[in-house]
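[1] Sequence and predicted structure are below.
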Amino acid sequence: MKLGALSISLSVKDLTVSQDFYENLGFAILAGSHESNYLIMKNEDSLIGLFQGMFEGNIITFNPGWDTDGKNIEEFDDVRIIENTLKQHNIILDKEVGETTSGPGSILLKDPDGNVIMLDQHR
C-alpha cells in the first residue's frame, strides 16, 4: 500500500508557544495559519501538524496522494483502496470513507496499543 506523506498531528495547548518550540528545532511553516488554529511544519522530510483545540490526543497521519511538500503525486493508492485492503486484513476501522464515494476522504483506526492513525486524502 502507498500511504502517502507521514506526519504526526499534535494537539497543542498554545499554538504560538508550540510554533516557537518547533522553529527552534529547525521546523518552518509549510501550511496553515493561526486564524485556522493549525500549522503544518516541516524540517527536511519530517512533518508535524500543530492543532490547537481541534482534537484530543496525538494522531499518526498519512496523506495518500501527497508528497512531503504537500504536493500532489501522480500515482497513489486511493483511500478507498486502502480501506478495502485493511478490511481484508481484518483491521477494525473506527471511521470509514465508504466504497461508493470519491475524492477527498479519511479513515481512522487504532494500532494494537490504541494509537490513533488517520489516512486523510485531500483530493
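    Thanks, I have it. Residues are numbered from 1 along each chain as shown.
[2] beta partners of the residue most central in space within the chain?
    Nearest to the mean C-alpha position of the chain, counting by Cα atoms, centre = their mean, stands T61 at 2.9 Å. On the basis of DSSP bridges, T61 is bridged to S7, M118.
[3] contacting residues around it?
    Neighbouring residues of T61 by Cβ atoms under 8 Å, 6 or more residues apart in numbering: L6, S7, I8, S9, G49, I117, M118, L119, D120. C-beta coordinates here come from the backbone N, C-alpha and C atoms, glycine included.
[4] Drop anything exposed from these.
    With burial judged by 16 or more other Cβ atoms under 10 Å, the buried subset of the contacts of T61 is S7, S9, G49, I117, M118, L119, D120.
[5] Would you map the helices across the protein?
    Counting by DSSP state H, the chain has helices at residues 15-24, 79-88.
[6] Looking at the contacts of T61, spot the one nearest D78.
    Using Cβ to Cβ, L119 comes nearest to D78 of the contacts of T61, at 10.2 Å.
[7] before we move on, the earlier item: with mean pLDDT as new columns, can the helices of the chain be given to me in CSV?
    Shown next, in CSV, are these (pLDDT from 0 to 100):
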stretch, mean pLDDT
helix 15-24, 98
helix 79-88, 96
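[8] could you dump those helices to a markdown table with mean neighbour count?
    Shown next, in a markdown table, are the helices of the chain (neighbours: other Cβ atoms under 10 Å):
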| stretch | mean neighbour count |
| --- | --- |
| helix 15-24 | 14 |
| helix 79-88 | 17 |
